[in-house]
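Enquirer: Structure of the sequence below:
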Amino acid sequence: MDVLGKIRKFMANSKHVLSISYKPTKGEFNKAARLIIFGILLIGAVGFVMAIIVSLIITGSLSLI
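Expert: As a prediction, this is how the structure comes out:
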């Protein structure tokens with residue numbers, strides 16, 4: 001496929017995505033934001049616990065804190 005064909009296909013796909021997408025309602029937005037914040041906090045907490053465990057294994061004390 002030539003470059004012009006790829007550009008046309010990309011434009012057609014982009015128009016399709018924009019035609020089926022919609023602006024989320026306030027409730028949908030808040031729900032998504034809460035889920036994202038919860039996920040970030042969960043990953044941070046897991047990383048912190050892992051860092052404490054590794055610190056205890058390597059040094060024998062909580063040198064992390």
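Enquirer: Which stretches in this structure count as helices?
Expert: Along the chain, the segments classed as helices by DSSP state H run 3-20, 26-59.
Enquirer: Could you export those helices as TSV, including mean pLDDT and mean neighbour count?
Expert: Where you see a C-beta, it was placed from the backbone N, CA and C, and this is true even at glycine. Below are the helices of the chain laid out as TSV (pLDDT from 0 to 100; neighbours: other CB atoms under 10 Å):
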stretch	mean pLDDT	mean neighbour count
helix 3-20	95	9
helix 26-59	95	10
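Enquirer: Would you point out which residue is most central in this structure?
Expert: The chain has I36 as the residue nearest its centroid, 7.2 Å off, counting by CA atoms, centre = their mean.
Enquirer: contacting residues for it?
Expert: I36 makes contact with no residue, according to CB atoms under 8 Å, 6 or more residues apart in numbering.
Enquirer: What separation is there between it and A12?
Expert: 31 Å (CB to CB, to the nearest Å).
Enquirer: I37 too?
Expert: From I37 to A12 the distance is 36 Å (CB to CB).
Enquirer: what do you get for T59?
Expert: For T59 relative to A12 (CB to CB), the value is 59 Å.
Enquirer: One more: I58?
Expert: From I58 across to A12, the span is 55 Å (CB to CB).
Enquirer: What of I57?
Expert: In terms of CB to CB, I57 sits 55 Å off from A12.
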